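Trainee: No letters, just coordinates:
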């Protein structure tokens with residue numbers, strides 16, 4: 001179970017980084033009217049939450 005929680009933690013961290021990159025691209029777009037519909041900030045927050053929660057469960061004695 002420890003290995004699967006570490007994998008889930010890594011996946012959450014990768015999701016958070018990808019969402020932050022997408023949010024940065026959305027903020028720095030050339031066409032101001034080309035607004036996206038994905039809540040990248042919320043997705044990044046959930047990715048960080050999953051990563052932290054899974055890491056705590058994986059490292060719990």
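Mentor: Nice, thanks for sending it over. Quick caveat: nothing in here was measured; it's all calculated off a predicted structure. Numbering: from 1, shown residues only.

Trainee: what's near enough to touch residue 8?
Mentor: Contact partners of residue 8, counting by Cβ atoms under 8 Å, 6 or more residues apart in numbering, are 50, 54. C-beta here means a position set from N, CA and C on the backbone, and glycine is covered the same way.

Trainee: any idea how far it lies from residue 43?
Mentor: For residue 8, the distance to residue 43 (Cβ to Cβ, to the nearest Å) stands at 16 Å.

Trainee: can you map out the helices along this structure?
Mentor: Ranges of helices in the chain, per DSSP state H, are 2-27, 40-59.

Trainee: what mean pLDDT does the last one have?
Mentor: Helix 40-59 shows an average pLDDT of 95 in the prediction.

Trainee: looking just at contacts, which helices and strands does it meet?
Mentor: With contacts taken as 3 or more Cβ pairs under 8 Å, 6 or more residues apart in numbering; DSSP states H and E, helix 40-59 sits against helix 2-27.

Trainee: returning to that earlier point: could you dump the helices of the chain into CSV and include distance to residue 33?
Mentor: Below are those laid out as CSV (distance: least, Cβ to Cβ, whole Å):
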stretch, distance to residue 33
helix 2-27, 13
helix 40-59, 18
